[in-house]
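S.K.: whatever this is, show me its structure:
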Amino acid sequence: MEIKQFEDKNLAHYSYAIISKGEVAVIDPARNPQPYYDFAKEHNAKITTVIETHPHADFVSSHLEIHNTTGATIYVSKLLGAEYIHETFDDDDAIVLGSITLKALDTPGHSPDSISIVAIDENGKEHAVFTGDTLFIGDCGRPDLREEAGAITAARAELAKQMYHSLRNKLMVLADDTLVYPAHGAGSLCGKGLSKQSTSSIRAEKLSNWSLQQMSEDDFVKELLADQPFIPKYFPFEVGVNKKGASNYAESIAKVKKGVRVTKEEDTNSLDPSIIAIDSRPQQQFKKSHLKNAINLMNDNSFETWLGSIVNPGEPFYLIAENEMELNELIGRIAKIGYEKQIVLAFVADFGNAEMEIFDVEKLRKNEDAFTVIDIRNHTEVKSKKLFANAIHIPLYELRERINEIPLGKPIVVHCEGGYRSAAGSSIIKSKLNGTTQVYDLSEDVKTFQP
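M.R.: Down below sits the predicted model:
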């Protein structure tokens, strides 16, 4: 048996291929299935099995495409309510893969339909467990994503109780040397304290993971529910996409890329001003010139997560980049969250009919009261440290819907923790106010105000 871990760093997502005697099982595959095909070809093997630990909320899975391409059987919990051809895979069900066995464990908690998969080697030993979003390295999955999404919905408190028992009655009872392979690592919004480690063991997690320590159910539930990260707009949408099964990745992005073009300035007159433009260029270029309805969401490691936090599922948008190579890269990344069909037009541009004045930070140092300061950090960040005494807190992911809460009597200064989000936040406010109030981005200068 060989286990291959695949990592998508942008979404902090881990997927897996297991091979035994020429047969491959893929667990929680990413939107682009090509790496799994390449792995099978490299080993002269055939993908026969695809397993989904649950309908994912943070990325689109390629399980249906792999089935359509290879004929592999898809296995999911009967509780998922899958709308594609599949076999159910629940407590004590087993799949023979070459000379090994894959056994299902029902492990609800992150979702009602979560399963974990135990890989039993050729000698009948529990070698590894693929825990999906139930057990992470250093943490466990959040229980608040399925109150309004999926075939089965459940209140967060009830799922938190289920998580308590899944961890203790299903996973902690595995052999101490069983390897732990989760679906996510540090940076994922599917938990709040994930380790940078990509693998672990049951023994190591028992020693160091807070969620596996001795405590009452009530204390566990209270701790698990406290200070969970925000829920991006696209998460509930994603559950539905994965429950149904996504379209072919390569074909879907090819349709968008076919319309990519280098646009001349006069062509912008034909653009619909009611459609937002996602401008991924560096903020220095954006501030010099941009479209009036543009949001400066820079090409960064977290681009797709913030896109899905700012733009609503189904909402059309234009996509702008500084060159065609970046544009094509971003289209592929956008497809990972299922938003590629929302791109009305993707184009390269370095012009616009608006600009943003560079902020003189000394004016803020001399007189903070002369400005309306907008803090767009997340709730936990503000709770931990407030940078400006009179700042109005509106998180970036709520900003478009709460613009009317911002007073307009003074110039507005927007800040985050390091400068990336404030570029997006200041451009959102500026596009909404349409020149009625001066809007500034504090950008990286915010670091000079931190204690």
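S.K.: let me know the pLDDT of Glu266.
M.R.: Per-residue pLDDT puts Glu266 at 54.
S.K.: correction: Glu340
M.R.: 96.
S.K.: and it, how many neighbours?
M.R.: 24 (other CB atoms under 10 Å). From N, CA and C alone the C-beta is placed, and that goes for glycine too.
S.K.: now do the phi/psi pair for it.
M.R.: Reported as degrees, to the nearest 10, the phi and psi values for Glu340 are phi -60, psi -30.
S.K.: what about Thr48, which SS state?
M.R.: The three-state assignment at Thr48 reads strand, by DSSP: H, G, I helix; E, B strand; the rest coil.
S.K.: okay, now the spatially closest residue to it that is not a sequence neighbour: neighbour count?
M.R.: Spatial nearest neighbour of Thr48, chain neighbours left out: Glu23 (4.8 Å); criterion: CB to CB, 6 or more residues apart in numbering. Glu23: 20 surrounding residues under other CB under 10 Å.
S.K.: Asp279 bridge partners, please.
M.R.: In this entry, Asp279 is beta-bridged to Asn296, Ile320, by DSSP bridges.
S.K.: that one contacts Asn296, correct?
M.R.: Yes - under the criterion of CB atoms under 8 Å, Asp279 is in contact with Asn296, at a separation of 5.3 Å.
S.K.: overlap of the contact sets of the two?
M.R.: Residues within reach of Asp279 and of Asn296 at once, by CB atoms under 8 Å, 6 or more residues apart in numbering, are Phe286, His290, Ser427.
S.K.: okay, the first one: pLDDT?
M.R.: The confidence metric pLDDT takes the value 94 at Phe286.
S.K.: and it, that one's in a helix?
M.R.: Yes - counting by three-state DSSP, Phe286 falls inside a helix.
S.K.: list the contacts for it?
M.R.: Applying CB under 8 Å, 6+ apart, the residues near Phe286 are Asp279, Ala294, Asn296, Met356, Ala423, Ser427.
S.K.: tell me the least confident of those residues?
M.R.: Scanning the contacts of Phe286 for pLDDT, the smallest score is found at Met356, 90.
S.K.: how about Leu64: what's its closest non-neighbour residue?
M.R.: Using CB to CB, 6+ apart and skipping the chain neighbours, the partner closest in space to Leu64 is Gly245 (3.1 Å).
S.K.: longest single helix anywhere in this structure?
M.R.: Longest helix in the chain by number of residues, with DSSP state H as the criterion: helix 420-433.
S.K.: what is that one packed up against?
M.R.: Applying 3 or more CB pairs under 8 Å, 6 or more residues apart in numbering; DSSP states H and E, one finds that helix 420-433 makes contact with helix 283-288, strand 294-296, helix 303-310, strand 412-415, strand 439-441.
S.K.: the domain parsing of this protein - what is it?
M.R.: Using automatic domain parsing, the domain parsing of the chain gives 2-238, 247-348, 361-449.
S.K.: just to revisit the earlier point, wait, the residue nearest to Leu64 sits on His63?
M.R.: Yes - assessed by CB under 8 Å, Gly245 is found in contact with His63 at 6.8 Å.
S.K.: joint contacts of those two?
M.R.: Shared contacts of Gly245 and His63, counting by CB under 8 Å, 6+ apart, come down to Tyr84.
S.K.: give me the more crowded residue out of those two.
M.R.: Neighbour tally, Gly245 and His63, criterion other CB under 10 Å: the higher count belongs to His63, 28 against 21.
S.K.: isn't Thr70 right up against Thr49?
M.R.: No - counting by CB under 8 Å, Thr49 is not a contact partner of Thr70; they are 9.8 Å apart.
S.K.: these two: who's more crowded?
M.R.: Thr49 (24 against 19).
S.K.: mind listing what the nearest residue to that one once chain neighbours are set aside touches?
M.R.: Leaving aside its chain neighbours, Thr49 sits nearest to Ala25 (3.8 Å; criterion: CB to CB, 6+ apart). With contact set as CB under 8 Å, 6+ apart, Ala25 has these partners: Ala17, Ile18, Ile19, Ile47, Thr48, Thr49, Val50, Ile51, Ile95, Leu97, Leu102.
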